[in-house]
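Engineer: Give me the fold of what follows.
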Amino acid sequence: KLDYLRTKNGTDRPTVTFATGTPIANSIGELYTMTHYLAPQVLDELGLSGVNSWAHNFTGRKTEIGFSPGGRIRPETRISMYENVGELAQSLSSAVDTVTRNDITVDLPELRTGQNITISFDTDQQTQDLIQDLNWREAHQPDTPDAAKIDNPLKIINDGKAASLDPRLANLPYTPGVGRIAEVTNTIVEEWHSTKNTEYLDQQGETSPNKGGLQIVFCDRGTPKPDGSFSIYEAIREELADKGMDKDRIAFIHEWENDRTRLWEKCNNGQIDVLIANTAKMATGANIQSRAVALHHVDVPWRPADLEQREGRILRQGNQNDNVAIYNYVGKGTYDGHSWATVERKQRYINQIWNADRSMRSMQPIEADGLNAVAHNKAIATGNEDFVKEAELSAKVERLEAAAGEHAAVAASNKNQRKKAVNDIKLESAT
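Structural biologist: Here you go, the predicted structure:
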């Protein structure tokens, strides 16, 4: 369609405008798609005829031994590095106008402590034992053609995340008062007590008769099930009710599938104290910021775009609170710490791209953590982060040794060319 419009209107006239808060969701490679849609002439000027040509200029690849879903050994070529990053940022400047949060002149609420508040907690003994078992499972993967179907690193990580979120998700006994749900509900209740008498204005600018702020809770796992089986949402609501909050003022977005507009109104009018949702259902299009005083990341979002959209529900124009709080929950000895570090690293790289940092020559791919899964599991099982540090440093040494080898080869080639040039000069002088 866009090619047709350009043919009809001419390439010297604007054809389409994209507006998004998250143009890069998870991979720098998405920039090719954006450029292909918005500015194909830039690709033509650079002589990049397709995605393979773009990848050849802006990525470095590495072939490693991998496994098929059936467990067969096969070579896999992956992006190991993004290269010429400064030029990549420059190529987008003619087609992309970036406005960051720092460029917005409207009043936005400030984070209460200047940054997200991290709450760490101990997990129960059953969960700790399961996480210890993950390291054994990693070291004893089945050596059969169907090994990946029986157990694999992704399944191990998934089991660990489920157990650390709530042991009941991993079919383990639950210890009341210990773990994530206890920390989340304690924090919500504290916020509720400190803000339940706060006065807000209604949509007409008059003092609303309904007092109290709104708290937003995000959790992508353990969502409500049609069969009524255990869910994190119900567990949170039941514990909040046990701690004195009104159960009828705690809403799940899943209960309002057919009347979201009415739900948004109730949140902004002070009729809802806590709204629990997953990223897919409430990361965009939810204008519930009027009274939003706190946001809770019960689990870790997968992508930087998800994190940005979640926090955009509270750090938003129209919020009547000058200061707000965003809470990250990290279980000690679980995958939480690494997952948060990964998302934050991805977001940092994306910010560098949009700030058009010309000093960057290369960066690691943000869509993969680049570390060995065994190192992660060892670090989590033992509580010793040196396993992860060892993997990071080993990867860094490998990159530096490769760069040193390339430098030595170029230096030797230049030396030989210089020697040949000197000999040629001498021969010409002699004749």
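
Engineer: Any regions of the stretch 1-150 of the chain where pLDDT drops low?
Structural biologist: In the predicted model, the stretch 1-150 of the chain carries pLDDT under 70 at residues 11, 21-22, 25-28, 61-82, 100-104, 145, 147-148.

Engineer: can you pull out the helices in it?
Structural biologist: 2-9, 30-38, 40-45, 51-58, 85-92, 125-139, 147-150 (DSSP state H, counting those that start in this stretch).

Engineer: Can I get these in JSON lines including distance to residue 249 and mean neighbour count?
Structural biologist: In short, each C-beta sits where N, CA and C put it, glycine included. Formatted as JSON lines, the helices of the stretch 1-150 of the chain follow (distance: least, Cβ to Cβ, whole Å; neighbours: other Cβ atoms under 10 Å):
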{"stretch": "helix 2-9", "distance to residue 249": "48", "mean neighbour count": "11"}
{"stretch": "helix 30-38", "distance to residue 249": "40", "mean neighbour count": "17"}
{"stretch": "helix 40-45", "distance to residue 249": "52", "mean neighbour count": "14"}
{"stretch": "helix 51-58", "distance to residue 249": "50", "mean neighbour count": "15"}
{"stretch": "helix 85-92", "distance to residue 249": "46", "mean neighbour count": "18"}
{"stretch": "helix 125-139", "distance to residue 249": "31", "mean neighbour count": "17"}
{"stretch": "helix 147-150", "distance to residue 249": "46", "mean neighbour count": "14"}
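
Engineer: Next, format these as JSON lines and append distance to residue 280.
Structural biologist: As requested, the helices of the stretch 1-150 of the chain are exported to JSON lines (distance: least, Cβ to Cβ, whole Å):
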{"stretch": "helix 2-9", "distance to residue 280": "28"}
{"stretch": "helix 30-38", "distance to residue 280": "19"}
{"stretch": "helix 40-45", "distance to residue 280": "31"}
{"stretch": "helix 51-58", "distance to residue 280": "27"}
{"stretch": "helix 85-92", "distance to residue 280": "28"}
{"stretch": "helix 125-139", "distance to residue 280": "26"}
{"stretch": "helix 147-150", "distance to residue 280": "27"}
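
Engineer: where along the stretch 301-431 of the chain do the helices fall?
Structural biologist: Under the criterion DSSP H, counting those that start in this stretch, the stretch 301-431 of the chain contains helices at 304-311, 336-354, 373-382, 386-430.

Engineer: Now do the third one, average pLDDT.
Structural biologist: The average pLDDT within helix 373-382 is 48.

Engineer: go on, the shortest one?
Structural biologist: Over the span of helix 304-311, the pLDDT mean works out to 88.

Engineer: For it, name the packing helices and strands.
Structural biologist: Judged by 3 or more Cβ pairs under 8 Å, 6 or more residues apart in numbering; DSSP states H and E, helix 304-311 is in contact with helix 279-282, strand 292-297, helix 336-354.

Engineer: ranking the helices of the stretch 301-431 of the chain by mean pLDDT, which is last?
Structural biologist: When I compare these, helix 373-382 is least confident, with a mean of 48.

Engineer: picking up where we left off before, residue 313 is nearest to which of the helices of the stretch 1-150 of the chain?
Structural biologist: Closest approach to residue 313 among those is made by helix 30-38 (23.1 Å; Cβ to Cβ).

Engineer: Just the C-alpha atoms of the closest one, please, in PDB.
Structural biologist: Provided in PDB are the C-alpha atoms of helix 30-38 (Å, rounded to 0.1, in the frame of the first residue of the first chain):
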ATOM      1  CA  GLU A  30      13.100  -4.000  14.100                       C
ATOM      2  CA  LEU A  31      14.800  -0.800  12.900                       C
ATOM      3  CA  TYR A  32      15.000  -2.400   9.400                       C
ATOM      4  CA  THR A  33      11.300  -2.800   9.300                       C
ATOM      5  CA  MET A  34      10.700   0.800  10.400                       C
ATOM      6  CA  THR A  35      13.100   2.100   7.800                       C
ATOM      7  CA  HIS A  36      11.600  -0.100   5.100                       C
ATOM      8  CA  TYR A  37       8.100   1.300   5.800                       C
ATOM      9  CA  LEU A  38       9.000   4.900   6.500                       C
END
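
Engineer: which residue ranges form the strands in the stretch 51-200 of the chain?
Structural biologist: 59-67, 73-83, 110-111, 117-121 (DSSP state E, counting those that start in this stretch).

Engineer: again, but for the stretch 201-350 of the chain
Structural biologist: 214-218, 250-252, 274-277, 292-297, 323-331.

Engineer: And the helices of the stretch 1-150 of the chain: which comes nearest residue 335?
Structural biologist: Of all these, helix 125-139 comes closest under Cβ to Cβ, at 8.7 Å.

Engineer: for that closest one, packing partners?
Structural biologist: Counting by 3+ Cβ pairs under 8 Å, 6+ apart, helix 125-139 packs on helix 153-165, helix 373-382.

Engineer: so who does the residue nearest to residue 287 when sequence neighbours are not counted touch?
Structural biologist: Excluding the flanking residues, the one nearest residue 287 by Cβ to Cβ, 6 or more residues apart in numbering is residue 264, at 6.0 Å. Contacts for residue 264 (Cβ atoms under 8 Å, 6 or more residues apart in numbering) come out as 286-288.

Engineer: any idea which of these has the most stuff around it?
Structural biologist: With neighbours defined as other Cβ atoms under 10 Å, the most crowded of the contacts of residue 264 is residue 288; it has 23 neighbours.

Engineer: List the contacts of the closest residue to that one other than its chain neighbours.
Structural biologist: Sequence neighbours aside, residue 267 is the residue nearest to residue 288 in space, at 4.1 Å (criterion: Cβ to Cβ, 6+ apart). Counting by Cβ under 8 Å, 6+ apart, residue 267 makes contact with 214, 251, 275, 288, 290-291.

Engineer: any idea of the pLDDT on residue 267?
Structural biologist: pLDDT, read off for residue 267, is 95.

Engineer: next one: residue 297
Structural biologist: For residue 297, pLDDT reads 96.
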